[in-house]
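Chemist: Return a 3D structure for these sequence lines:
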Amino acid sequence: MKKTMLAAKHQQRKSAPDHVIEEIKQALIDRRLKPGDRLPSEPELVELYGVSRGSVRQAMKSLEMLGIISIKPGDGSYVNEKVSKNSLNPLAFSLLLLDGSGKEIGEARLFLELSISTILMKKQEALEGILPELEENIRKQQMLIESDASIDEMVENDILFHTLLSSACGNSILENIYNYVLDGFSSKMTFTTLLQKNNVLHLNTVDHHISILEALKSGDYVRLKQAVEKSMEGWAKLIEENNGQFT
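Modeler: Below you'll find the model as predicted:
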């Protein structure tokens, strides 16, 4: 372990566990700690920050829950290479608590979806690589609708369509942000899917996905923008018009 990885700094004002978390966060920002690095041992962290073993353990468990580190019994704690899918998603939770308007939600998704789709449209090889999965996803959504499948199955497949796009765009930052946003908006997607199903309008999901896919294949940005806008604005309108029913 590199001695300069973390700097000795005793607790000031913050609670002891928060102090440890903040210092490790700063070390990651400063790149003194990097993905794959092993953290100092528990006794070393106690000495570095002047806190108790219990405070260090609490901080480590919090960082593990956030998906930032992995604790390996008998070996130590390591900075993760990427955030685990099973970890707590603070962004998703904050989106649930924000309770933004349909217009705000639609604008956020439109910005991210259009950015991802525009990047992907310029990467023909990547697009061609996921075409079979996207086409199969649309076929499955149609099948789920016709078989009167559960709302959860429809939403899961709907989200998959969008995560396929984000994973293929080649921008890991956009991919992670959008996947977190989709996670945070999943309850609203469940609500709007139920509304569409009850009003026999659920074919719109398939129609919108087909329009986006065809626009991507055409290489026509204007067509792509129109397809994504129609999809996101339609979704946002459902939320806005039925906001009082949403729980």
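
Chemist: Verify the stated contact: residue 27 with residue 6.
Modeler: Yes: the pair residue 27 and residue 6 passes the contact test of Cβ atoms under 8 Å, sitting 5.4 Å apart. (C-beta placed from N, C-alpha, C; glycine too.)

Chemist: what about the residue lying farthest from the centre of the chain, which SS state?
Modeler: Distance from the C-alpha centroid of the chain peaks at residue 47, with 36.1 Å (Cα atoms, centre = their mean). Per DSSP: H, G, I helix; E, B strand; the rest coil, the secondary structure class of residue 47 is helix.

Chemist: Which per-residue confidence value corresponds to it?
Modeler: pLDDT, residue 47: 92.

Chemist: Quick check on residue 147: phi, psi?
Modeler: phi -90, psi 10 (degrees, to the nearest 10).

Chemist: Need the pLDDT of it.
Modeler: At residue 147, pLDDT is 90.

Chemist: neighbours of it, just the number please.
Modeler: Using other Cβ atoms under 10 Å, residue 147 has 9 other residues around it.

Chemist: so how far is residue 135 from it?
Modeler: Remark: distance between residue 147 and residue 135 (Cβ to Cβ, to the nearest Å) = 19 Å.

Chemist: just residue 184 next, same as before
Modeler: Taken as Cβ to Cβ, the span from residue 184 to residue 135 is 28 Å.

Chemist: before we move on, what about residue 212?
Modeler: Taking Cβ to Cβ, one finds residue 212 at 12 Å from residue 135.

Chemist: Next: residue 141.
Modeler: In terms of Cβ to Cβ, residue 141 sits 11 Å off from residue 135.

Chemist: Name the residue in the two with the higher neighbour count.
Modeler: Between residue 141 and residue 135, counting by other Cβ under 10 Å, residue 141 is the more crowded of the two (23 against 13).

Chemist: Number of residues surrounding residue 22?
Modeler: Neighbour tally, residue 22, other Cβ under 10 Å: 15.

Chemist: Just the element for it, please.
Modeler: Using DSSP states H and E, residue 22 sits within helix 16-29.

Chemist: That helix packs against which elements?
Modeler: Under the contact criterion of 3 or more Cβ pairs under 8 Å, 6 or more residues apart in numbering; DSSP states H and E, helix 16-29 touches helix 42-49, helix 53-65.

Chemist: Can you dump the C-alpha atoms of that helix in CSV for me?
Modeler: C-alpha atoms of helix 16-29 as CSV (Å, rounded to 0.1, in the frame of the first residue of the first chain):
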residue,chain,number,x,y,z
ALA,A,16,-16.5,10.3,13.1
PRO,A,17,-17.9,7.9,10.4
ASP,A,18,-18.8,10.9,8.1
HIS,A,19,-15.3,12.2,8.6
VAL,A,20,-13.7,9.0,7.4
ILE,A,21,-16.1,8.8,4.4
GLU,A,22,-15.4,12.4,3.4
GLU,A,23,-11.6,11.9,3.6
ILE,A,24,-11.8,8.7,1.4
LYS,A,25,-14.1,10.6,-1.0
GLN,A,26,-11.5,13.4,-1.3
ALA,A,27,-8.7,10.8,-1.9
LEU,A,28,-10.7,9.5,-4.8
ILE,A,29,-11.3,13.0,-6.2
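
Chemist: That helix - what's its average pLDDT?
Modeler: 90.

Chemist: can you pull the buried residues of it?
Modeler: 16, 17, 19, 20, 21, 23, 24, 27 (16 or more other Cβ atoms under 10 Å).

Chemist: so it versus helix 42-49, what angle?
Modeler: Using axes from the mean of the first three to the mean of the last three Cα atoms, to 10 degrees, the direction of helix 16-29 lies 90 degrees away from that of helix 42-49.
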